[in-house]
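> Sequence and predicted structure, then a few things I'm wondering about:
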Amino acid sequence: MSPAPVGPIPDAPAGPGPSAVGEQLSEEISAELAAQSPEPAARPAARPAESGEWRGIVLVTGTDTDVGKTVVTSAVAAAAQAAGLRVAVIKPGQTGTAGGGPTDIDLVNRLAGPHTARTLASYPEPLAPLAAARVADQPPLELYEVVDAIRAEAEKHDLVLVEGAGGLLVPMGVRPSGDPWTLADLATTLGVSTIVVARAGLGTLNHTALTLEALARRGVPAGVVLGAWPAEPELVHWANLSELAPHLVGALPDGAGAMDPGVFRRSAPGWLTPALYGVLDDWRVWADEVS
């Protein structure tokens, strides 16, 4: 900004001296440079939220490990970005890094390319994060440090997806008291909705019902996404789909994580309901298309 104009100085000489001329010239140059240098562009506002859309912070958990949480997280991130939102993905605790393979955040970056993707802590052994921290003699995740990190990203993004490890009640880290905390505790502390990623096949109904009941008892809104719908579904898959339909907010095809990233991003909205920025609004039509 240019400086405020300076009023006349009492007892000043009638004509400006060399010093005054230099100061005036400096002020004029500064004002001209300021006019030519626009302020940094503000982040464009996301479009207004439509009815039922999940905005802000959303947790992603599963009925078990290896049910497709990371691919589902990637699909939601891709669909939200296609809808014009600025998206962050946070993995509080990544375990099993000793092998040196791609991490969950690596997969998210490849498939969805969100604006921000972060891992807060990594541990070598493929265990629950708290157990992995203890085995490695590393500091465990402290609940309120994780909360602060997530809220900081929420101030800069329209949607923050927080992917857990394993299931809802897996020990993630410690509270200041030293007691363990779980993703369920994180959900209640943040007061946010949760996506439950479930299997499509045999055994999923009990695990899904237990997870939804645990969330409901804590007052946490939740929806279910099937992590891998088979190319050739059998009777058990259709029966499970019918049972889970009232809770479903999406279903991904088996093998989605191996797709070309461009194909994945274009396809993601078709796997999700409007609540998760998709276009899937009729499960009967969807069933006819995949059968």
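Cool, the structure landed.
> Which positions in stretch 186-193 come out as buried?
Residues L186, A187, L190, V192, S193 are the ones in stretch 186-193 that count as buried (16 or more other CB atoms under 10 Å). (Each C-beta comes from the backbone N, C-alpha and C, glycine too.)
> actually stretch 86-99, not the one I typed
By 16+ other CB under 10 Å, the buried positions in stretch 86-99 come out as R86, V87, A88, V89, I90, K91, P92, G93, Q94, T95, G96, T97.
> List the contacts of the last one.
Taking CB atoms under 8 Å, 6 or more residues apart in numbering as the criterion, T97 is in contact with T103, S122, Y123, P124.
> which of those residues sit farthest apart?
Spatial extent of these (CB to CB) is set by the pair T103 and P124 at 12.1 Å.
> These two: who's more crowded?
T103 (18 against 15; other CB atoms under 10 Å).
> list the contacts for that one?
Taking CB under 8 Å, 6+ apart as the criterion, T103 is in contact with K91, Q94, T97, T119, S122.
> ok, so of the buried residues of stretch 86-99, who is nearest A131?
Distance to A131 across those (CB to CB) is lowest for T95, with 8.5 Å.
> residue ranges for the helices of the protein, please.
Listed in chain order, the helices of the chain (DSSP state H) span 18-36, 69-82, 104-111, 129-135, 143-154, 183-190, 204-217, 235-244, 261-267, 283-290.
> gap between V192 and T208?
Distance, V192 to T208, using CB to CB, to the nearest Å: 20 Å.
> what does V170 give?
Distance of V170 to T208, computed by CB to CB: 16 Å.
> Pick out the most distant pair among the contacts of T103.
Using CB to CB, the pair of these lying farthest apart is K91 and T97, separated by 11.4 Å.
> ok, so of the buried residues of stretch 186-193, who is nearest V290?
Nearest to V290 among the buried residues of stretch 186-193, with distances taken as CB to CB, is S193, at 26.3 Å.
> Is the closest one in contact with P221, as I believe?
Yes - the criterion here is CB atoms under 8 Å, and S193 meets it with P221 at 4.4 Å.
> Just list whatever residues bridge to G250.
G250 has these beta-bridge partners by DSSP bridges: V225, L272.
> What is the neighbour count of it?
Taking other CB under 10 Å as the criterion, the count of residues near G250 is 26.
> Skip the chain neighbours and tell me the closest residue to E243.
Nearest in space to E243, with sequence neighbours left out and distances taken as CB to CB, 6 or more residues apart in numbering, is L205 at 5.8 Å.
> Also A77?
Of all residues not flanking A77 in the chain, A112 sits nearest, at 4.0 Å (CB to CB, 6+ apart).
> for that neighbour, what are its contacts?
T73, S74, A75, A77, A78, Q81, V87, V89, P261, F264, R265, A268.
> if we go to 10 Å?
By CB atoms under 10 Å, 6 or more residues apart in numbering, the contact set of A112 is 71, 73-82, 87, 89, 161, 261, 264-265, 268.
> if we can go back for a sec, so what sits against both of T103 and P124?
In contact with both T103 and P124: T95, G96, T97, using CB under 10 Å, 6+ apart.
> sorry, back to before: okay, the contacts of T103 in a markdown table with distance to V279 and pLDDT next?
Output for the contacts of T103, formatted as a markdown table (distance: CB to CB, whole Å; pLDDT from 0 to 100):
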| residue | distance to V279 | pLDDT |
| --- | --- | --- |
| K91 | 27 | 98 |
| Q94 | 32 | 97 |
| T97 | 36 | 95 |
| T119 | 31 | 98 |
| S122 | 36 | 97 |
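> From those, which land in strands?
Judged by DSSP state E, those include K91, Q94, T119, S122 as members of strands.
> Looking at those residues, which is nearest Q138?
Nearest to Q138 among these, counting by CB to CB, is S122 at 8.9 Å.
> If that closest one is in a bridge, with which residues?
S122 has the following beta-bridge partners by DSSP bridges: Q94.
> now it: how far from A98?
Taking CB to CB, one finds S122 at 10 Å from A98.
> Looks like A88 contacts A117 (just checking).
Yes - here A88 reaches A117: they are 7.2 Å apart, a contact under CB atoms under 10 Å.
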